[in-house]
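Asker: Need a 3D model of the following:
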Amino acid sequence: MAITKNAKRGVRVSERKRVVNDKLRRTLKEAVKTVRKDVIAKDKKATKTDLSLAFKALDKAAKRGTIKKGTADRKKSRLAKAVAKLDTK
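Answerer: Next comes the predicted model:
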């Protein structure tokens with residue numbers, strides 16, 4: 001348990017950051033799952049809009065430091081590849 005005033009403040013800040021990061025991660029996962037479902041359903045129109053939302057969520061999470069930039073880039077690349085494969089079929 002935190003004893004000093006500064007340690008107690010650190011606990012509060014850490015909790016706030018955890019809540020924000022959890023919300024951001026949840027939003028991110030939902031966006032990526034939506035794109036994957038659209039690809040499986042072969043819904044090209046919905047895939048385009050959901051892909052841009054997923055890219056936005058990935059970029060925002062990387063900017064805030066919730067996930068690393070390389071992780072965001074890798075996920076974006078794989079999503080784009082799956083959507084491109086859908087377009088060629």
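Asker: Next, count neighbours for Ala62.
Answerer: By other C-beta atoms under 10 Å, 19 other residues sit near Ala62. Every C-beta, even on glycine, is put in place using the N, C-alpha and C of the backbone.
Asker: ok, residues contacting stretch 52-60?
Answerer: 24, 27-28, 31-32, 34-35, 67, 72, 75-76, 79 (C-beta atoms under 8 Å, 6 or more residues apart in numbering).
Asker: should've said stretch 32-42
Answerer: Contacts of stretch 32-42 (C-beta under 8 Å, 6+ apart): 46-47, 50-51, 53-54, 57-58, 75, 79, 82-83, 85-86, 89.
Asker: Nearest to Glu15 among the residues you listed?
Answerer: Set against Glu15, the nearest of the contacts of stretch 32-42 by C-beta to C-beta is Ala57 (22.9 Å).
Asker: Next up, identify which helix or strand the closest one is on.
Answerer: helix 44-64 (DSSP states H and E).
Asker: Name the next helix or strand downstream of that helix, please.
Answerer: Next along the chain after helix 44-64, with elements defined by DSSP H and E, is helix 69-88.
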